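Colleague: what's the 3D shape of this:
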Amino acid sequence: MPNEHTWKETTEDGDKREVRAVKFGGAWRIQSKLKGENSWTYHDPPRLEDLRELRDVLFRKYQRRRASYEELIDVEKIIRDYERELE
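Modeller: Reported below is the predicted structural model:
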């Protein structure tokens, strides 16, 4: 069963944006939609900002024992690899 992590944020334009990340089959899938939209947009590759927010969400959940240490480390590795590609 996939574990889903969601959060909401406000864009620079003032729109509400809902994001959800699901790890299924060993891979993370991140999708988002703006308030009022009916369909989700999949981000492949995911945005670096979304990955950083996912790491923060997982860290807070890990402190409350609602996320695993392995999930947190996995996302941190993805962020490091992503940042190396941008250099």
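Colleague: Please make it C-alpha for all contacts and neighbour counts, starting now.
Modeller: Noted.
Colleague: Which helix or strand contains the spatially most central residue of the chain?
Modeller: Geometric centre of the chain, nearest residue: L54, 3.8 Å, by Cα atoms, centre = their mean. L54 belongs to helix 48-63 when assigned by DSSP states H and E.
Colleague: Now do that helix: which elements does it pack against?
Modeller: Other helices and strands packing on helix 48-63, by 3 or more Cα pairs under 8 Å, 6 or more residues apart in numbering; DSSP states H and E, are strand 3-10, helix 69-86.
Colleague: Quick check: F24 vs Y69, distance?
Modeller: Using Cα to Cα, to the nearest Å, F24 is found at 16 Å from Y69.
Colleague: so for the helix holding L54, what's the average pLDDT?
Modeller: For helix 48-63, the mean pLDDT works out to 97.
Colleague: I'd like to check the angle between that helix and helix 69-86, please.
Modeller: Computed with axes from the mean of the first three to the mean of the last three Cα atoms, to 10 degrees, the direction of helix 48-63 lies at 160 degrees from that of helix 69-86.
Colleague: Give me the buried positions along helix 48-63.
Modeller: Going by neighbour count (16 or more other Cα atoms under 10 Å), the buried part of helix 48-63 is D50, L51, L54, R55, V57, L58, F59, K61, Y62.
Colleague: try stretch 18-30
Modeller: Under 16+ other Cα under 10 Å, the buried positions of stretch 18-30 are E18, V19, R20, A21, V22, W28, R29, I30.
Colleague: Quick check: which element contains the second one?
Modeller: Using DSSP H and E, V19 falls within strand 16-24.
Colleague: All set now, cheers.
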